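Below are the sequence and a predicted model for it; my questions follow.
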Amino acid sequence: MSDVTASSHAALAGGEKGSRLFGAVFGVILLVGVVYAGMHLGSDLSVVHSNSALPFVLLGIALAIALGFEFVNGFHDTANAVATVIYTHSLPANLAVIWSGAFNFLGVLTSSGAVAFAVVTLLPVELILQVGNEAGFAMVFALLIAAIIWNLGTWAFGIPNSSSHTMIGSIIGVGLANQFMAGASGTSGVDWSQAMGVLRSLLFSPVVGFILSGLLLLAMKALIRVPALYKAPEGSKPPPLPIRALLVLTCTGVSFAHGSNDGQKGMGLIMLILIGTVPTAYALNGAVSASQVQQFHVASQQAQDVLAKAGSGTVPADPQAAVMTSVEKREVGPETFPALSAMIGTIDRQVGARAALTDIPQNEMGNVRNEMYLVGEGIRHLLAKPPADLSAADQATLKTYHGGIDNATKFIPTWVKVAVALALGLGTMVGWKRIVVTVGEKIGKDHLTYAQGASAELVAMATISAADMWGLPVSTTHVLTSGVAGTMAANGSGLQWGTLRSLAVAWVLTLPAAMLISGTLFWVFRHIF
């Protein structure tokens, strides 16, 4: 394997001339993107009137940290996508990295945002509602910095670690620390029903990658009788054109899928930052049309009727506190139905008669958004385990109203997507080599063949795309590295157990380590702010 490895190392350093044009093109895209994001951010902030520069300073620091996480995510996770094309000599290293960065960029731009807000819902609800105060900033800073610290540490040792796994661990750490610091006050911690769903997707995705990649390789051997497809590269010679096209296509698909899934993890947090620092501009979705506001008004009245019919309790003195208690305890009590109905009526009076959400007075934006978010969470928990007297038609009515709430509160401006895409794309082009060497050389005892690379990447692309459709965060690292291992096992190539033990240790330690770091940082920041 030494001759092949030497040629692979040459490939890692090669391709500089061929990639200059692509580098120049991405440089132009970077410049245009920065100008675009800056202009739109400036335009949004022009409506903000503040006597203090502090909100803008906090906004700048928080955005830098959030984009820093996406940058690290780029050179840590996306390196997995380019490993196969580099080690099969399908593309020169520099060109492969730029190519992957470009399709990560496109993946982020076309993402739905579902994963972004699936991650945000794991956070304690009262911290989300108080994101503009000290506790909210402590939360955002703690979990982002913790994720960056652990990702950089594993990258330094060349261990393909999951940024998704790290982020979820950081969020759980903040939630637990928030609960412990509050003592018996009833403050909520981690929404374990949500967390377990996310953790299951992180747990099963590498198993899926290992099994399906191995099976796909065996199926290819049985159905596609092309001997060259199952050989290791010869020296630095690129594969035949059809094989090369297949590998470039799978690399492109994994890069795009990674951008559309992993790129969203920072978006939800960036939106929390924007809402907390400048709620005037970002608390509610200004793109909601007048017709949508009218539809929301109708849905509000219908939802009130459903809740009034389903509930038998009386309206509590403080409906918001009652809904908050229900959401924190994740329990539906006698007061939940009338409290939700009363809050929906209050929101409708603030929103329903207006031509657009932008017509709401600026000093009321943050409060209206918090009420909407709290009602949305209350309905989400109610629909998760609907009572017997709530018919299918009633549930559909509440789902329609909940969709209107999400449309108003869970949105991502295009400039945020552009900024995240640029950070992720740039990160792909920096520091990728350590992870690429691990994936290409240190998982199997034999060099990666063309068919193995294609199998692992096809499965990774399909798995990540499916998770994106379902709004689930999955790990590109786990799916792809386990896929490579699965093809090695199916091919009888043998596995380097030392590397697999390192990967397994990183997988096991990531969650508790990220929890410990973020929880500690949250405690420190709560005392500093």
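Yep, it's here.

what's the burial count for the residue nearest to Thr110 when sequence neighbours are not counted?
Leaving out its chain neighbours, the residue that sits closest to Thr110 by C-beta to C-beta, 6 or more residues apart in numbering is Ser260, at 6.3 Å. From N, CA and C alone the C-beta is placed, and that goes for glycine too. When neighbours are counted by other C-beta atoms under 10 Å, Ser260 registers 24.

residues contacting Ser260?
Contacts were defined as C-beta atoms under 8 Å, 6 or more residues apart in numbering; by that measure Ser260 touches 107-108, 110-112, 464-465, 468.

same thing with Asn491?
Counting by C-beta under 8 Å, 6+ apart, Asn491 makes contact with 217, 230, 446, 449, 452.

quick revisit: surely the residue nearest to Thr110 is in a helix?
Yes. Per DSSP: H, G, I helix; E, B strand; the rest coil, Ser260 lies within a helix segment.

circling back to that earlier point, out of the contacts of Ser260, which sit inside helices?
When the contacts of Ser260 are checked against helices using DSSP state H, the ones located there are 107-108, 464-465, 468.

quick one, helices of the stretch 1-150 of the chain?
Assigned by DSSP state H, counting those that start in this stretch, the stretch 1-150 of the chain shows helices spanning 2-13, 16-45, 54-77, 79-87, 93-109, 114-120, 125-129, 134-156.

could you give the angle of the fifth one to helix 16-45?
Which is helix 93-109. On the basis of axes from the mean of the first three to the mean of the last three C-alpha atoms, to 10 degrees, helix 93-109 is oriented at 30 degrees to helix 16-45.

out of the contacts of Ser260, which are buried?
Among the contacts of Ser260, those scoring as buried are 107-108, 111, 464-465, 468 (criterion: 16 or more other C-beta atoms under 10 Å).

tell me the domain boundaries of this protein?
As given by automatic domain parsing, the domain ranges for the chain are 2-278+414-528, 286-409.

Would you convert those into JSON lines that also reports mean pLDDT?
JSON lines is the format used below for the domains of the chain (pLDDT from 0 to 100):
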{"stretch": "domain 2-278+414-528", "mean pLDDT": "78"}
{"stretch": "domain 286-409", "mean pLDDT": "87"}
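
Who are the contact partners of the spatially most central residue of the chain?
Per C-alpha atoms, centre = their mean, the C-alpha nearest to the average position across the chain is that of Lys265, at 2.2 Å. Residues in contact with Lys265, defined by C-beta under 8 Å, 6+ apart, are 73, 115-116, 119, 163-164, 167, 473.

Let me know the closest of those to Thr325.
Within the contacts of Lys265, proximity to Thr325 (C-beta to C-beta) peaks at Val119, which comes in at 24.4 Å.

Tell me how far that closest one lies from Asp406.
To Asp406, Val119 is 15 Å away according to C-beta to C-beta, to the nearest Å.

re the thing from before, return the distance of the residue nearest to Thr110 relative to Leu143.
Ser260 sits at a distance of 22 Å from Leu143 (criterion: C-beta to C-beta).

residue boundaries of the helices in the stretch 201-350 of the chain?
Using DSSP H, counting those that start in this stretch, the helices of the stretch 201-350 of the chain run over residues 241-262, 264-277, 279-282, 290-310, 319-329, 336-351.

and if you look at the stretch 401-529 of the chain?
Counting by DSSP H, counting those that start in this stretch, one finds helices in the stretch 401-529 of the chain at the ranges 414-428, 433-441, 450-469, 476-491, 497-528.

counting contacts, what elements does the longest one pack onto?
On a contact count with 3 or more C-beta pairs under 8 Å, 6 or more residues apart in numbering; DSSP states H and E, helix 497-528 meets helix 134-156, helix 163-182, helix 476-491.

Adding distance to Asp44 as columns, could you present the ones you listed in CSV?
Conversion of those to CSV gives the following (distance: least, C-beta to C-beta, whole Å):
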stretch, distance to Asp44
helix 134-156, 19
helix 163-182, 26
helix 476-491, 31
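
quick revisit: in TSV: the ones in helices among the contacts of Ser260, plus distance to Ala147.
Compiled in TSV, those are given as follows (distance: C-beta to C-beta, whole Å):
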residue	distance to Ala147
Gly107	20
Val108	18
Ile464	19
Ser465	24
Asp468	20
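
which two from the residues you listed end up farthest apart in space?
Considering C-beta to C-beta, no two members of the ones in helices among the contacts of Ser260 lie farther apart than Val108 and Ser465, which are separated by 14.2 Å.

ok, back up a step: okay, the helices of the stretch 1-150 of the chain, which one's buried deepest?
Of all the helices of the stretch 1-150 of the chain, helix 79-87 carries the top mean neighbour count, a mean of 31, counting by mean count of other C-beta atoms under 10 Å.

Please state the offset of that one from the chain centre?
In terms of C-alpha atoms, centre = their mean, to the nearest Å, the centre of helix 79-87 is found 22 Å from the chain centre.

other SSEs contacting that helix?
With 3+ C-beta pairs under 8 Å, 6+ apart as the test, helix 79-87 has helix 2-13, helix 93-109, helix 241-262, helix 433-441, helix 450-469, helix 476-491 packed against it.

got a markdown table for those, with distance to Trp155 too?
As requested, these are arranged in a markdown table below (distance: least, C-beta to C-beta, whole Å):
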| stretch | distance to Trp155 |
| --- | --- |
| helix 2-13 | 16 |
| helix 93-109 | 15 |
| helix 241-262 | 15 |
| helix 433-441 | 6 |
| helix 450-469 | 19 |
| helix 476-491 | 11 |
